[in-house]
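# No sequence on hand, only this structure:
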């Protein structure tokens, strides 16, 4: 279990164990690969980030993860694996988010991408993301770094 503070100085707990904070989280975040590249999206307000979002009513977190990837990037999930979970103790509420790793089989061009400008492919996630204004705050704390290491150790 890791403990640190995020971009907005909220306390974050991160674990790569099986659902340590909630068996029914309300948010998901999906680290994606497509043809040996990282697949991100460009959020209309926040900038570059891996796809993710809220779990809708009567939807399971895994279903939400697959849906969010499709909505935000046009990506069709080939395989998806739960890798961890994190909890952010915010000033107004606490958020629990499942982290997944997905391999994408194809990108389907869409009319719209739900709050994003669609898919962004990158050979690698650059050093210094924490200080790069093009990237979302979601990419600026240890969740990204530790999750990428977990993906590398388990899948790449």
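Perfect, I can see it now. Keep in mind it's a predicted model, so treat the numbers as computed, not measured.

# so what's the residue nearest the centre of the chain closest to, chain neighbours aside?
When CA atoms, centre = their mean is applied to the chain, the residue found nearest the centroid is residue 29 (2.7 Å). Leaving aside its sequence neighbours, residue 29 sits nearest to residue 52 (CB to CB, 6 or more residues apart in numbering; 3.8 Å). Where C-beta positions appear, they are placed from N, C-alpha and C, glycine not excepted.

# before we move on, what about residue 74?
In space, residue 74 is closest to residue 108, 4.4 Å off (CB to CB, 6+ apart).

# quick one, phi/psi of that neighbour?
Backbone torsions for residue 108, taken as degrees, to the nearest 10, come to phi -100, psi 120.

# Quickly note the distance from the residue with the largest distance to the centre of the chain to residue 54.
For the chain, the C-alpha farthest from the mean C-alpha position belongs to residue 111; by CA atoms, centre = their mean, that distance is 22.5 Å. Using CB to CB, to the nearest Å, residue 111 is found at 22 Å from residue 54.

# beta partners for the residue lying closest to residue 5 once chain neighbours are set aside?
Nearest non-adjacent residue to residue 5, counting by CB to CB, 6+ apart: residue 11, 6.0 Å away. Counting by DSSP bridges, residue 11 is bridged to residue 5, residue 89.
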